[in-house]
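Undergrad: Predicted model and sequence below, questions to follow.
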Amino acid sequence: MTAEPRNIDVQAAALVTFLAFLWAGNPIAIKIGLADAPPIRQAWMRFVLGGLTVLAWAWRTRTPLRVHRHEVRPLLILGVIFTVQIALLNLGVKFTSAGHVSVLLNAYPIYTVLLAHFFVPGDRLSGGRAVGVLIAYAGVVLLFSREFSWQSAYLLGDFITSGSAFLLGVRTVYLNRAVQRIDPVKLLLAQVAFSVPCYLVWSALFEAAEPYRWTSRLALALGFQGIVVAGFNFIVNLLLLKIYKPSGLAAYFLTTPLFGVFLSWLILDEVITLRLLASAALVVGGIALSSRPSPAPASRAFDGLGVRGFGCSSASGERQNSRTTEQPNGL
């Protein structure tokens, strides 16, 4: 019999905050890697490393990976959503700042909450949660408000990143249903198996003329994206979600946009403006309100920010409520 998930303790809180910090570094690592490799080429190399890391863990824990006939269709749908979402993320990082990506991508719970209202039984958008969505969306609008000029250097990248955030919200809701029937490790490895060949073809067709060089800087950037974020983050998060209540873990992942803004300044020397800080604060505060439990006791698509790494989430523990989905984020 599955043990009842526990309330989060000090050790778990510290570990989850560290995972949120690592997740926040993903856009920065992509940005660093762009100096040596184009965005889609980075994507397939990242997920080869991440997939091998998770595959090694699955082998170590003897997780069954056989795909059954009834699982093929949901895995293919998930693979398509995942492939497009990550491609948009990497392209978005190319055309905007890492700080903007940290705020816009981590606003994906806005879309999760809205979509869950229509597609997840029992996950209703109450008045308080609606206010949270509006506050978080105000943060997104604030970030865009100075960019609405076709001469803006960041406008294209911000729009592309917002598309990635929307698809991450879609994938979160879709995973909420799929994870009830399919092991989360299998779900994540299926995304890798589908996306890597697509990225290889895409890169060969459209990035052949773009400069590429193998450097220690690129190796470190890819190692962080693949082994640390897509591998370590996912594995540790999954273990935590088997012990602790996902709603308790979720609060600590709200620090991700703030960490991302800080790291973009510390590592990339990006300018931190009051507008960016205010936007991040609105997004964090709004998500905190919108991710509060629904009045109904049924499944909730955003009990936790999920299993980070591939940019997808999954929760386990209370069955319906805690087998909730994400990634990070990537995910």
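TA: Received it, and whenever you're ready, just let me know what you need. Numbering: from 1, shown residues only.

Undergrad: Tell me which other helices or strands the helix or strand hosting Leu52 touches.
TA: Assessed by DSSP states H and E, Leu52 sits inside helix 39-60. On a contact count with 3 or more Cβ pairs under 8 Å, 6 or more residues apart in numbering; DSSP states H and E, helix 39-60 meets helix 26-33, helix 69-95, helix 184-206, helix 216-223, helix 234-241. Glycine gets a C-beta too; all of them are placed from N, C-alpha and C.

Undergrad: and those, which is most packed in?
TA: Highest mean neighbour count of the helices and strands packed on helix 39-60: helix 26-33, a mean of 26 (counted as mean count of other Cβ atoms under 10 Å).

Undergrad: Rounded mean pLDDT for that one, please.
TA: Computed over helix 26-33, the mean pLDDT rounds to 97.

Undergrad: How about stretch 169-180?
TA: 85.

Undergrad: If we go by neighbour counts, what in that stretch is buried?
TA: By 16 or more other Cβ atoms under 10 Å, the buried positions in stretch 169-180 come out as 169-179.

Undergrad: Tell me the one of the residues you listed nearest Arg60?
TA: Closest approach between these and Arg60, by Cβ to Cβ: Val179, at 21.2 Å.

Undergrad: I figured that closest one hits Leu187, correct?
TA: Yes: between Val179 and Leu187 there is a contact at 6.5 Å, judged by Cβ atoms under 8 Å.

Undergrad: how many neighbours does Ile135 have?
TA: 20 (other Cβ atoms under 10 Å).

Undergrad: ok, now which ones touch it?
TA: 282, 285-286, 289 (Cβ atoms under 8 Å, 6 or more residues apart in numbering).

Undergrad: That one sits in which helix or strand?
TA: Counting by DSSP H and E, Ile135 is found in helix 127-145.

Undergrad: Output the below-cut-off pLDDT ranges for the stretch 151-300 of the chain.
TA: 151-152, 246-248, 293-300 (pLDDT under 70).

Undergrad: For it, just list every one of the helices.
TA: Counting by DSSP state H, counting those that start in this stretch, the stretch 151-300 of the chain has helices at residues 155-178, 184-206, 216-223, 234-241, 246-253, 256-268, 274-290.

Undergrad: For Asn26, which of those is the nearest?
TA: Closest of the helices of the stretch 151-300 of the chain to Asn26 is helix 256-268, at 8.4 Å (criterion: Cβ to Cβ).
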